[in-house]
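In: Sequence below, structure please.
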Amino acid sequence: MSEKKRVMVIFGGQSTEHEVSRLSATSIINNIDKNKFDVVMVGITKEGRWLPYNGPVEKIASGEWEEIAINGLIESMPKSENIINAIVSRRASSEALTNSDERRTVDVVFPVLHGCKGEDGTIQGLFEMAGVPYVGCGVLGSALGMDKIFAKIMFEKAGIPQADYLYFTRKEIKEDVNSAANAIEQKFKYPVFIKPSNAGSSVGVSKAHNRKELIEALNLAAKYDRKILVEEFINGREVECAVLGNDNPIASTVGEIIPSNEFYDYNAKYIDGKSKTVIPANLPAETISKIRQYAVKAFKILDCSGLSRVDFFVHKESGEVYINEINTMPGFTDISMYPMLWEASGISYSELIERLIDLAIERYNDNIAVL
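Out: Residues are numbered from 1 along each chain as shown. Sure, this is the predicted structure:
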């Protein structure tokens with residue numbers, strides 16, 4: 001029997017999606033095939049400290065992992081820098097990551113990090129410099145997928161239908177928010193959506209029905225990013241499609257989100273537990289086929305690899321399909337659509353994790369072959 005691959009699962013991070021990352025990582029660690037993979041757990045605190053963690057998996061979701069990890073460091077007095085060194089050198093230091101004297105290679109990194117500094121190409125650049133395989137999109141795909149404005153520019157180039165939009169900088173909002181509001185009102189009718197360009201899980205997203213709400217929403221979004229996206233309202237059903245692969249990606253079936261709130265905000269996604277999912281979505285076959293085609297097209301135009309979840313609107317009256325956004329490291333919690341969509345498409349959670357690891361190694365080998 002071949003030696004098990006050593007997978008470093010990194011969770012937490014400094015984004016507004018820190019808690020969601022911990023939930024996703026818990027699910028992945030619990031579902032990974034322990035007969036094929038050895039898991040090394042590393043958490044990143046909200047302050048940016050990298051900590052090795054060898055405690056109970058369930059303490060990750062609760063947040064208690066951090067105190068356990070810090071106490072472990074105090075007792076054994078290892079250096080936290082060894083974790084980054086372990087990645088950079090493709091070596092997992094026994095001092096920082098195990099109680100054994102053996103030094104073993106990390107075969108692949110699974111960065112279960114959502115949002116900025118985790119899903120935006122920054123940590124992917126570290127892995128590229130280190131020469132270590134990692135799950136998910138590369139630097140370019142991650143950066144484009146995270147930046148909603150640039151993703152929309154690329155979707156436009158690819159001819160994928162989407163909501164019309166405007167964008168502003170934080171400086172423009174702070175200097176003259178009323179001028180921005182005037183430009184928005186000249187182009188769109190209410191309601192409109194306002195979003196930070198680089199954020200996820202609907203953090204900082206608002207639906208404005210009048211000027212007062214618009215100005216409040218612009219100021220709120222400006223707290224989370226230096227670029228603010230404003231989109232026309234699409235009276236649509238919210239549907240999602242999962243994509244898996246590298247050069248020849250495949251699309252899952254389509255699922256529909258029925259939000260508990262006016263739109264699928266952070267509370268509806270993770271807190272109140274009242275939102276519903278329908279898999280497969282109750283849509284005509286030709287509409288599902290079109291969504292799957294657009295999902296793969298979006299994945300390719302952004303140069304994605306490994307995985308992404310692509311979100312769409314289906315207009316409630318016309319039935320037209322509009323792309324909303326792409327998520328290059330979608331949630332992996334028990335209620336997350338990405339694993340649920342693949343489960344409904346015939347790929348179990350454990351098999352999905354294994355495929356993602358294999359795709360990471362495939363992409364790594366493909367890249368080094370041309371050096």
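
In: Which element, helix or strand, includes residue 323?
Out: Using DSSP states H and E, residue 323 sits in strand 321-327.

In: likewise residue 215?
Out: Counting by DSSP H and E, residue 215 is part of helix 211-224.

In: Could you check that helix and say which residues are buried?
Out: 213, 214, 215, 217, 218, 219, 220, 221, 222, 224 (16 or more other C-beta atoms under 10 Å). (Each C-beta comes from the backbone N, C-alpha and C, glycine too.)

In: for stretch 112-129, same thing?
Out: In stretch 112-129, counting by 16+ other C-beta under 10 Å, buried: 112-116, 118-121, 123-124, 126-127.

In: So residue 195 lies in a strand, does it not?
Out: Yes - under DSSP: H, G, I helix; E, B strand; the rest coil, residue 195 falls within a strand.

In: surely it meets residue 231?
Out: Yes - between residue 195 and residue 231 there is a contact at 7.2 Å, judged by C-beta atoms under 8 Å.

In: mind listing the helices for the stretch 251-371 of the chain?
Out: 266, 285-301, 337-344, 349-368 (DSSP state H, counting those that start in this stretch).

In: Residue 108 is nearest to which of those helices?
Out: helix 349-368 (5.1 Å; C-beta to C-beta).

In: What residues of the closest one count as buried?
Out: Across helix 349-368, burial judged by 16+ other C-beta under 10 Å covers 349-350, 352-360, 362-364.

In: What of stretch 224-240?
Out: 224-225, 227-234, 236-240.

In: ok, residues contacting the next helix or strand after the helix holding residue 215?
Out: Next in sequence after helix 211-224, counting helices and strands by DSSP H and E, comes strand 227-232. Residues outside strand 227-232 that contact it (C-beta atoms under 8 Å, 6 or more residues apart in numbering) are 147-149, 152, 163-170, 173, 184, 188-189, 192-198, 218, 221-222.

In: rewinding a little: the helices of the stretch 251-371 of the chain: which one's closest to residue 11?
Out: Evaluated over those, closeness to residue 11 peaks at helix 349-368, with 14.2 Å, by C-beta to C-beta.

In: Show me what that closest one is packed up against.
Out: Applying 3 or more C-beta pairs under 8 Å, 6 or more residues apart in numbering; DSSP states H and E, we find helix 349-368 packed against helix 18-31, strand 108-111, strand 236-245, strand 306-315, helix 337-344.

In: Could you dump these into a markdown table and include distance to residue 329?
Out: Shown next, in a markdown table, are the helices and strands packed on helix 349-368 (distance: least, C-beta to C-beta, whole Å):
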| stretch | distance to residue 329 |
| --- | --- |
| helix 18-31 | 8 |
| strand 108-111 | 7 |
| strand 236-245 | 12 |
| strand 306-315 | 8 |
| helix 337-344 | 9 |
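
In: closest one to residue 73 among those?
Out: Comparing those under C-beta to C-beta, the one sitting nearest is helix 18-31, at 18.8 Å.

In: Report all helices and strands that the closest one contacts.
Out: Using 3+ C-beta pairs under 8 Å, 6+ apart, helix 18-31 sits against strand 5-12, strand 37-44, helix 58-62, helix 349-368.

In: Columns distance to residue 50 and mean pLDDT on top of the ones you listed, output as a markdown table?
Out: As requested, the helices and strands packed on helix 18-31 are arranged in a markdown table below (distance: least, C-beta to C-beta, whole Å; pLDDT from 0 to 100):
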| stretch | distance to residue 50 | mean pLDDT |
| --- | --- | --- |
| strand 5-12 | 8 | 96 |
| strand 37-44 | 6 | 96 |
| helix 58-62 | 15 | 97 |
| helix 349-368 | 20 | 95 |
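
In: Residue 156: which of those is closest?
Out: That would be helix 349-368 among the helices and strands packed on helix 18-31, by C-beta to C-beta, at 26.8 Å.

In: Which residues does the closest one contact?
Out: Under C-beta under 8 Å, 6+ apart, the answer for helix 349-368 is 5, 7, 27-28, 31-33, 36-37, 107-110, 131-136, 138, 244-246, 305-307, 339, 342-343, 347.

In: switch the cut-off to 7 Å
Out: 5, 7, 28, 31-33, 36, 108, 133-135, 244-246, 305-307, 339, 342-343 (C-beta atoms under 7 Å, 6 or more residues apart in numbering).

In: Same question for stretch 29-43.
Out: The contact list for stretch 29-43, computed with C-beta under 7 Å, 6+ apart, reads 4-12, 50-53, 57, 65-66, 69, 83, 92, 97, 106, 349-350, 353-354.

In: Residues touching the helix holding residue 215, excluding its own?
Out: Helix 211-224 is touched from outside by 16, 170, 173-174, 177, 180-181, 184, 192, 194-196, 199, 203-204, 206, 208, 228, with contacts defined as C-beta under 7 Å, 6+ apart.

In: and if we set it to 6 Å?
Out: 170, 173, 177, 181, 194, 196, 199, 204, 206, 208, 228 (C-beta atoms under 6 Å, 6 or more residues apart in numbering).

In: Check stretch 321-339 too.
Out: Here stretch 321-339 makes contact (C-beta under 6 Å, 6+ apart) with 20, 23-24, 27-28, 114, 119, 136-137, 142, 145, 148, 155, 160-163, 234, 240, 242, 255, 290-291, 294, 298, 308-314, 349, 352.
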